[in-house]
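[1] Please find the sequence and the predicted model below.
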Amino acid sequence: SALPCSTPSIQLARSVAPFARSAAAGPALALLDGPIALPGEESVSGPDGVPVRYTIQPAALDSLAPADLDGNGRPDLLDGSLAGLAEARRLLVEELALAPPHLSEVVLLDLGQRSGGYVSASLERAARIRIVLPSAPAGGPEEARRSAIHQYSHAVALALSPSFPPHWAEAFAAWTVLTLDGGPDPRLSAAFEARLDRLHAGLVSTELGLAPGNALWFAFLEQNYGRMAVRVAAEELARGLPVTTALDRAVRRISTDDLPAAFREFHLWSILVGDRADGEHFSFAERLDDPLFASTAEGLPTLVVQADPSLAPLGATQFRLLPGENQGGMSLRFEGDFSARWEADLLLVDERGLIRRLPLALSTEGGGPCSVPLAGFVEALLLVRALDSDDGAPHRVTV
């Protein structure tokens, strides 16, 4: 994925009413929209003829390194940025048929080696968007390419609607890099693992730190329903509806499923990673760590297993049950807080690693028993999901 991106933070700051902003926020946002001067400026044409501005003047703070290993007369860092912009446009505009953003310019600035750039456009003037890319990324031309892909994706989301949720625009941008790279780099793999470890926080969590990991949802939509499902999801997210409503509308437009059904399948995909990858779900599943379980219970009987932490709406967790027996049966009872709406499945894994999936029948109070034979099975995985709750708060379960 690209280096850390400032675009979501900028868009969140813009979404705050001017009278409610901090004393520093207003001038900072105005500065982002102001003119940018580059000593010894040069310019080339990027996507749709947009000017890509840079400088190679040695004394300039924002100067590009002059290295030109392919001998084409342009700095390799500039070539990386141009390649990323072109690749992102081909995927998002030509293949997915999303509208191209109306870019005023792309500017390469020294933002520090750990910055992936940003997109600047006021909510009132989103028709004209500026992309600012790092002129000296730590990863060289390849990192410049990824940053350009990432920020062009943000520009596409912003062009769809100024109210595109910033967290999901970040996920959309990370998905674009993932798709064009053919898989996650170590940074994005770490973001995916962090997201899977915190599925209990809810699919629609507004934690910015989880936003890149939500590219997993776009990857699931693409690999389960087809690539155009990503376009539909982007269109729905741009409508300004609550995120849960937008995701549900997108799933219904592309399939006979609804959001709970899709989330149920996504939860299964999320544990078939690492050593549990089967080659039939996430195409990059084997590159990720093994799934994290809320608890592992060995031997029978186990009196109480409690999920910790609690599950937010559209949150999920899983338990691993190792009965230690190969005959007879196992009974369990699921109890979820009555003020939330729950779903649960039991996965029975046999000696060959084959899985049998059994949905639990839960009452309206959030509880339900289940009994299964143990013959031939070596472990059971209990998958638990909180679909929503009366108060919108996290709630706990016990088994």
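    Thanks, I have it. Residues are numbered from 1 along each chain as shown.
[2] When you work out contacts or count neighbours from here on, use the C-alpha atoms and nothing else.
    Will do.
[3] Can you tell me how far P47 is from S161?
    As judged by Cα to Cα, to the nearest Å, P47 and S161 stand 20 Å apart.
[4] what does P394 give?
    For P394 relative to S161 (Cα to Cα), the value is 30 Å.
[5] Surely P394 touches P313?
    Yes - between P394 and P313 there is a contact at 6.6 Å, judged by Cα atoms under 8 Å.
[6] Looking only at neighbour counts, state which of the two leads.
    For P394 and P313, the more surrounded residue by other Cα atoms under 10 Å is P313, and the numbers stand at 27 against 20.
[7] Could you measure from V372 over to A229?
    V372 is 37 Å from A229, by Cα to Cα.
[8] Which stretches in the stretch 251-399 of the chain count as helices?
    259-271 (DSSP state H, counting those that start in this stretch).
[9] for stretch 60-75, how far is the first residue from the last?
    First-to-last residue span, stretch 60-75, Cα to Cα: 15 Å.
[10] need the contact list for the closest residue in space to G299 that isn't next to it in sequence.
    Spatial nearest neighbour of G299, chain neighbours left out: P323 (4.5 Å); criterion: Cα to Cα, 6 or more residues apart in numbering. Contact partners of P323, counting by Cα atoms under 8 Å, 6 or more residues apart in numbering, are A297, E298, G299, L300, M330, V378, E379.
[11] Let's see that with 10 Å instead.
    By Cα atoms under 10 Å, 6 or more residues apart in numbering, the contact set of P323 is 297-302, 329-330, 374, 377-380.
[12] next one: L221
    L221 touches 215, 227-233, 250-251, 254, 262, 266, counting by Cα under 10 Å, 6+ apart.
[13] What subset of these is buried?
    Burial by neighbour count, 16 or more other Cα atoms under 10 Å: within the contacts of L221 this picks out A215, R227, A229, V230, R231, V232, A233, A250, V251, I254, A262, F266.
[14] TSV please, covering those residues and showing distance to V132 and pLDDT.
    Listed next are the buried ones among the contacts of L221 as TSV, based on distance: Cα to Cα, whole Å; pLDDT from 0 to 100:
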residue	distance to V132	pLDDT
A215	22	98
R227	28	97
A229	29	98
V230	25	98
R231	25	98
V232	27	98
A233	26	98
A250	31	98
V251	34	98
I254	35	97
A262	36	98
F266	35	98
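[15] Let's see which of those residues end up in strands.
    Members of the buried ones among the contacts of L221 lying in strands (criterion: DSSP state E): none.
[16] what's the closest of those to S389?
    Lowest distance from S389 to the buried ones among the contacts of L221 (Cα to Cα) belongs to A262, with 18.5 Å.
[17] I'd say the closest one and S255 touch.
    Yes - with contact defined as Cα atoms under 10 Å, A262 counts as touching S255 (9.5 Å).
[18] follow-up on the earlier one: what are the phi and psi angles of the residue nearest to G299?
    Main-chain torsions, P323, degrees, to the nearest 10: phi -70, psi -30.
[19] what about it, distance to G40?
    72 Å.
[20] still on that earlier bit, from the buried ones among the contacts of L221, which is closest to L109?
    A215 (27.1 Å).
[21] what residues are up against the closest residue to the closest one other than its chain neighbours?
    With sequence-adjacent residues excluded and distances taken as Cα to Cα, 6+ apart, A215 is closest to A171, at 4.4 Å. A171 is in contact with 150, 153-154, 165, 210-219, counting by Cα under 10 Å, 6+ apart.
[22] With Q11 instead?
    With contact taken as Cα under 10 Å, 6+ apart, Q11 is in contact with 29, 119-123, 158, 162-167.
[23] Keep only those of those that are in helices.
    L29, L158, P166, H167 (DSSP state H).
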